[in-house]
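Dropping the sequence and predicted coords here.
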Amino acid sequence: MTAGPIAIDRARLKEMLRSVILAWLIVCAVALAACSDNSETSKATDQAQAQAEPRQVETMIVKPELLANPVKAFGTIAAKQRSAIGALAEGPVERIFVKVGDRVTRGQPLFRIRQADYQRRVAEAQAAVDLTEAQAIEAERRYGRVMALAPRGFVSKAQVDAVETELAVARAQKAQAEAVLGTARQALSDTITRAPYDGVVTARLVDEGVYLNNRFSMGGQSAALELQELGTVAAIVNAPQEYVDSFRLNMPARVFIEGFDEPLDSIVYIINDRVDPESRMVELRLPISNPNYRISSGLAARAQIEVPPEQAIILPGTAIQGDNATAIVLVVEDGRAQRREVTYESIDLDRVRVRSGLSEGDEVILNPPATLRAGEPVKSRRTTSET
């Protein structure tokens with residue numbers, strides 16, 4: 001009696017299990033079908049993208065051309081000469097004849113050392129000359145008398161020798177005294193210091209009463225004025241070392257001076273053989289005529305030196321991406337855009353000169369779209385103007 005219901009429940013349980021398994025199999029089959037459809041859709045999308053038209057870009061073929069680009073250099077205006085004017089004769093400054101800003105000519109008095117001591121030395125030396133001159137005259141008279149008597153035998157050989165010696169000594173003493181007088185007169189003349197060249201007084205270092213010495217080992221003040229020759233000034237400028245082999249003497253240049261509206265013509269007059277190891281700059285000196293002293297020393301200057309034209313790779317500035325530290329251009333290789341690192345310098349607002357990273361024949365993309373990526377297929381449309 002009890003076996004019947006148990007058998008019925010087992011049969012129902014088996015039936016339910018079969019239904020669950022069947023439902024699970026149906027769900028799996030549907031999921032597999034969906035996956036298959038998605039895979040097919042993805043493959044179709046990839047194929048469509050592969051068959052899409054490559055992006056069209058404007059390009060140019062790299063071709064070196066002659067570039068006459070002036071080299072820029074920066075520096076300062078300096079006087080042709082600058083001198084700290086000291087005294088030739090030492091002593092206290094008695095009078096200064098000029099002031100700062102005065103224009104002086106060669107030989108013009110600048111200042112005077114006290115002359116009293118030097119005038120006294122001249123007087124003493126003159127007296128010594130007068131004395132020795134009188135002694136020489138007396139020695140010549142004695143010599144004349146003795147030599148007149150010598151042929152007749154009235155004087156001895158010893159007397160003749162004595163007057164000859166006396167006359168020679170007198171003449172030597174006179175010459176010595178005259179030399180001392182000349183030195184004293186020169187010292188007196190040196191108490192007035194004169195301008196060694198045409199120039200401008202740019203500094204007054206002492207006032208009247210200050211003792212000046214002309215012996216540097218003794219210490220103390222030795223210069224009274226500073227004088228600069230400004231009839232010709234020089235722009236002392238520094239240029240990058242990579243141009244050092246391009247510079248030549250007498251090469252034309254233009255100098256732009258702060259405060260002046262127009263540039264001034266010049267030439268390369270001096271090329272310093274030493275390149276500064278820290279700044280990697282070479283020094284050049286460019287003379288400028290300054291007859292009316294309009295140009296003062298110390299002004300800032302900028303020079304443009306006309307070096308000979310040279311072969312260079314020139315691109316529009318829009319072809320460069322990034323900055324000087326990480327500059328790149330996009331080039332076309334095998335129908336695809338590729339990145340190329342370059343170094344460059346600006347020529348003007350629109351053009352740059354590529355120093356490294358490109359070679360003749362490379363195809364460069366101009367105005368590359370911001371979304372263009374390396375490796376993307378592109379179609380070239382070359383520009384008619386390659387600069």
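All right, it came through fine. Numbers count the residues shown, from 1 in each chain.

List of residues touching stretch 141-153?
155, 159-160, 163-164, 166-167 (CB atoms under 8 Å, 6 or more residues apart in numbering). To be clear about C-beta, it is placed using only N, CA and C from the backbone, and glycine gets the same treatment.

Which among those residues count as buried?
Buried by 16 or more other CB atoms under 10 Å: 155, 163, 166-167, out of the contacts of stretch 141-153.

Just the element for residue 139, please.
In the assignment (DSSP states H and E), residue 139 maps to helix 116-149.

Just the buried positions in that helix, please.
Neighbour counts over helix 116-149 (16+ other CB under 10 Å) mark 118, 121-122, 125-126, 128-129, 132-133, 135-136, 139, 143, 146 as buried.

between these, which is nearest residue 262?
When the buried residues of helix 116-149 are compared for distance to residue 262 (CB to CB), residue 118 wins out at 51.8 Å.

how about low-confidence regions in the stretch 201-350 of the chain?
215-221 (pLDDT under 70).

Start from the N-terminal end of it and give the strands.
With strands called from DSSP state E, counting those that start in this stretch, the stretch 201-350 of the chain shows them at 211-212, 223-240, 252-257, 264-267, 270-275, 281-289, 300-305, 310-316, 328-333, 336-341, 343-346.

would you list these in JSON lines and tack on mean neighbour count and distance to residue 57?
Compiled in JSON lines, the strands of the stretch 201-350 of the chain are given as follows (neighbours: other CB atoms under 10 Å; distance: least, CB to CB, whole Å):
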{"stretch": "strand 211-212", "mean neighbour count": "18", "distance to residue 57": "79"}
{"stretch": "strand 223-240", "mean neighbour count": "21", "distance to residue 57": "35"}
{"stretch": "strand 252-257", "mean neighbour count": "20", "distance to residue 57": "41"}
{"stretch": "strand 264-267", "mean neighbour count": "18", "distance to residue 57": "46"}
{"stretch": "strand 270-275", "mean neighbour count": "12", "distance to residue 57": "43"}
{"stretch": "strand 281-289", "mean neighbour count": "19", "distance to residue 57": "41"}
{"stretch": "strand 300-305", "mean neighbour count": "20", "distance to residue 57": "37"}
{"stretch": "strand 310-316", "mean neighbour count": "17", "distance to residue 57": "14"}
{"stretch": "strand 328-333", "mean neighbour count": "20", "distance to residue 57": "8"}
{"stretch": "strand 336-341", "mean neighbour count": "15", "distance to residue 57": "7"}
{"stretch": "strand 343-346", "mean neighbour count": "15", "distance to residue 57": "20"}
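
These: which one's closest to residue 381?
Once these are compared by CB to CB, strand 328-333 is nearest, at 10.7 Å.

quick check: angle from that closest one to strand 336-341?
Angle between the axes of strand 328-333 and strand 336-341 is 140 degrees (criterion: axes from the mean of the first three to the mean of the last three CA atoms, to 10 degrees).

quick one: contacts of strand 328-333?
57, 59, 315, 319-322, 337-342, 354, 357-358, 362-365, 368, 372, 374, 378, 380.

Now list the buried members of these.
Using 16+ other CB under 10 Å, the buried members of the contacts of strand 328-333 are 57, 59, 315, 319-321, 337, 340, 342, 354, 357-358, 362-365, 368, 378.

Which ones among those residues map onto helices?
Among the buried ones among the contacts of strand 328-333, no member falls in helices (DSSP state H).

Tell me the helices and strands packed up against the strand or helix carrying residue 170.
Using DSSP H and E, residue 170 sits in helix 157-190. On a contact count with 3 or more CB pairs under 8 Å, 6 or more residues apart in numbering; DSSP states H and E, helix 157-190 meets helix 116-149.

Just give me how far the helix it packs on sits from the chain centre.
The chain centre lies 65 Å from the centre of helix 116-149; the measure is CA atoms, centre = their mean, to the nearest Å.

quick one, it and helix 157-190 angle?
160 degrees.

how many other residues sit next to residue 85?
Other residues near residue 85 number 21, with proximity taken as other CB atoms under 10 Å.

coming back round to it: and the strands of the stretch 201-350 of the chain as TSV, adding distance to residue 65?
Shown next, in TSV, are the strands of the stretch 201-350 of the chain (distance: least, CB to CB, whole Å):
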stretch	distance to residue 65
strand 211-212	64
strand 223-240	22
strand 252-257	22
strand 264-267	27
strand 270-275	28
strand 281-289	27
strand 300-305	21
strand 310-316	6
strand 328-333	17
strand 336-341	19
strand 343-346	15
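
closest one to residue 95 among the ones you listed?
Using CB to CB, the nearest of the strands of the stretch 201-350 of the chain to residue 95 is strand 223-240, at 10.9 Å.

what helices or strands is that closest one leaning on?
Using 3+ CB pairs under 8 Å, 6+ apart: strand 223-240 touches strand 71-86, strand 91-96, strand 109-113, strand 199-204, strand 281-289, strand 300-305.

Counting neighbours, which bits of the first one end up buried?
Meaning strand 71-86. 71, 73, 75, 77-80, 83, 85-86.

ok, back up a step: of all the helices and strands packed on strand 223-240, which one is nearest residue 191?
Nearest of the helices and strands packed on strand 223-240 (CB to CB): strand 109-113, 4.1 Å.

Okay, now the sheet partners of the closest one, with direction.
strand 91-96 (antiparallel), strand 192-194 (antiparallel) (DSSP bridges).

my read: residue 359 touches residue 62, true?
Yes - contact criterion CB atoms under 8 Å: residue 359 and residue 62 qualify, at 6.8 Å.

Brilliant, that's me finished.
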